[in-house]
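# got a sequence here, can you build the structure:
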Amino acid sequence: MSKSEEVQKQSESSTLGEELRQIRGVRNLKLRDVERLTGISNAYLSQLETGKVEKPSPNYLYKLAELYKIPYEQLMEKAGYVVRQRKSQPKSRSLVGAALATIDDLTPQEEEELVKYLEFIRSRSKRTNRK
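The predicted model follows:
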């Protein structure tokens, strides 16, 4: 199994709440920040991230997609509202991957560190695949 297939499989097995929590961390936001920016209570957000809310309102998903700069369709799919129609449709990246792709306030040092870390991860997986 290729590394990209592994990442996709991991993304498919993670819950909506887990991915939303990761994205919030990537965006460096606290629950109170998200509450203030979306109008969604921090208690509800916490329940969503911990999996206590399994079918969030599509309206809330839209607000989160806008704030986190991720595709609304992917959130709807992850929440179980939308099912992929065609197998030939290209696999989309994970929600966290989509969020990372839209970060535009990285410092040059942060970009350099992310590149180094990605190179490290890829080299490690290459060594593992050779064994």
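
# just give me how far stretch 40-59 sits from the chain centre.
Computed by CA atoms, centre = their mean, to the nearest Å, the separation of stretch 40-59 from the middle of its chain amounts to 15 Å.

# what residues of that stretch count as buried?
The neighbour-count check on stretch 40-59 (16 or more other CB atoms under 10 Å) flags 40, 44-45, 48-49, 53, 56 as buried. Every C-beta, even on glycine, is put in place using the N, C-alpha and C of the backbone.

# any regions of this structure where pLDDT drops low?
1-13, 84-93, 126-131 (pLDDT under 70).

# and Val26, how many neighbours?
14 (other CB atoms under 10 Å).

# swap in the one 3 residues further on?
Number of residues near Leu29 (other CB under 10 Å) recorded here: 16.

# same deal with Arg32?
Using other CB under 10 Å, Arg32 has 10 other residues around it.

# any idea how far it lies from Val26?
Distance, Arg32 to Val26, by CB to CB, to the nearest Å: 17 Å.

# and the residue positioned nearest the centre of the chain, what helix or strand is that in?
Ranked by distance to the mean C-alpha position of the chain (CA atoms, centre = their mean), the top residue is Val96 at 2.3 Å. Secondary-structure assignment from DSSP states H and E places Val96 in helix 95-101.

# check Arg36 too.
Per DSSP H and E: helix 31-38 holds Arg36.

# that helix - contacts with which helices or strands?
Judged by 3 or more CB pairs under 8 Å, 6 or more residues apart in numbering; DSSP states H and E, the packing partners of helix 31-38 are helix 42-50, helix 58-68.

# which residues are contacting it?
Applying CB atoms under 8 Å, 6 or more residues apart in numbering, the contact partners of helix 31-38 are 24, 29, 40-42, 45-46, 60, 63-64, 67.

# return the distance of it from the chain's centre.
Chain-centre distance of helix 31-38: 18 Å, with CA atoms, centre = their mean.

# just the C-alphas of that helix, formatted as CSV.
Taking C-alpha atoms only, helix 31-38 is exported to CSV below (Å, rounded to 0.1, in the frame of the first residue of the first chain):
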residue,chain,number,x,y,z
LEU,A,31,-13.0,26.7,21.0
ARG,A,32,-13.9,30.2,22.3
ASP,A,33,-12.4,31.7,19.1
VAL,A,34,-14.5,29.4,16.9
GLU,A,35,-17.6,30.2,18.9
ARG,A,36,-17.0,34.0,18.5
LEU,A,37,-16.3,33.7,14.8
THR,A,38,-19.2,31.3,13.9
